[in-house]
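Peer 1: need coordinates for the following:
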Amino acid sequence: MNVERSSSENERQAVSRPVPVWMMVFSLLLVFWAMIYFDQHSAWCSPVVYKPYHSYKEVADHNPRNEGPDIAHGHEVFNAICSLCHGMDGAGKLGQAPPLAGSEWVNAARVNRLVRIPILGLNGPIEVQGQQYEFTSGMTAVAASRQMMSDKDLGDVLSYIRQAWGNKASEVTAQQVAEIRAELGDRTGQTTVKDLKQLPEGK
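Peer 2: Alright, predicted model coming up:
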């Protein structure tokens with residue numbers, strides 16, 4: 001005898017079953033492991049990214065600049081400190097400061113003399129391109145100490161003036177500045193053109 005099955009009997013029925021405990025535990029362990037992995041191997045929670053820095057030096061230590069002089073930074077330093085006397089265009093100001101544009105002192109092949117001027121300051125007249133410039137108060141020692149201007153800052157600003165306004169001289173590195181500071185030691189007091197000319201161009 002053939003018995004016809006009803007359509008309802010042929011249909012599969014979905015049966016809800018609880019998720020095995022082992023699968024839930026495995027999933028939680030997998031998520032926990034992933035959190036630890038990303039914490040240790042990504043920058044999401046790295047202290048280098050989120051650490052509250054307390055000084056510019058701390059930031060600079062983690063974001064070092066290129067080893068060579070930073071001309072753009074030198075331009076900023078010049079505008080903030082040097083342009084008051086030498087002018088934004090490097091043309092100098094009568095009775096106050098000689099020009100830097102086209103100056104043989106700025107464009108010298110070596111920088112042993114040039115670096116000493118901002119460190120010691122300059123007293124007395126100076127001749128630039130055949131013209132005598134008098135400035136009675138002399139030039140202030142704007143980089144007398146590293147607190148006033150670091151070796152890097154001084155190298156940057158000197159590199160800027162040696163390449164601005166048509167000047168085409170080589171850059172000045174922080175190492176060159178540091179070596180000249182070491183030679184000067186604790187010396188203070190303005191230098192003079194006569195003193196500078198007795199020195200070899202050197203570095």
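Peer 1: list the buried ones in stretch 128-147?
Peer 2: Neighbour counts using 16 or more other C-beta atoms under 10 Å place Val128, Tyr133, Phe135, Met139, Ala141, Val142, Ala143 of stretch 128-147 among the buried residues. The C-beta positions use only the backbone N, C-alpha and C, and glycine is treated the same way.
Peer 1: quick check: the fourth one vs Leu100, distance?
Peer 2: Right, the one you point to is Met139. In this view, Met139 and Leu100 are 12 Å apart by C-beta to C-beta, to the nearest Å.
Peer 1: how about Ile117, secondary structure?
Peer 2: helix (DSSP: H, G, I helix; E, B strand; the rest coil).
Peer 1: same deal with the one 10 residues further on?
Peer 2: Remark: Glu127 carries the secondary structure label strand [criterion: three-state DSSP].
Peer 1: how about the one 10 residues further on?
Peer 2: On the three-state scheme (three-state DSSP), Ser137 is labelled coil.
Peer 1: as a check, name the ranges of all strands in this protein.
Peer 2: Remark: strands assigned in the chain by DSSP state E are 126-128, 131-133.
Peer 1: mind putting these into CSV with mean pLDDT and distance to His75?
Peer 2: Shown next, in CSV, are these (pLDDT from 0 to 100; distance: least, C-beta to C-beta, whole Å):
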stretch, mean pLDDT, distance to His75
strand 126-128, 91, 21
strand 131-133, 88, 24
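Peer 1: could I get those strands as CSV with distance to Lys168?
Peer 2: Formatted as CSV, those follow (distance: least, C-beta to C-beta, whole Å):
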stretch, distance to Lys168
strand 126-128, 17
strand 131-133, 21
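Peer 1: just name the shakiest helix or strand of the chain by mean pLDDT.
Peer 2: Ranked by mean pLDDT, DSSP states H and E, the weakest helix or strand in the chain is helix 7-10, scoring a mean of 53.
Peer 1: just to revisit the earlier point, any idea which of the strands of the chain gets closest to Val77?
Peer 2: Closest approach to Val77 among the strands of the chain (C-beta to C-beta): strand 126-128, 21.7 Å.
Peer 1: and the pLDDT for Met23?
Peer 2: Turning to Met23, the model gives it a pLDDT of 81.
Peer 1: go on, Ser137?
Peer 2: On the pLDDT scale, Ser137 gets 77.
Peer 1: gap between it and Gly95?
Peer 2: Distance from Ser137 to Gly95, counting by C-beta to C-beta: 10 Å.
Peer 1: swap in Ile119?
Peer 2: From Ile119 across to Gly95, the span is 24 Å (C-beta to C-beta).
Peer 1: same drill for the two, tell me which one is more crowded.
Peer 2: With neighbours defined as other C-beta atoms under 10 Å, Ile119 and Gly95 compare such that Ile119 has more, 21 against 10.
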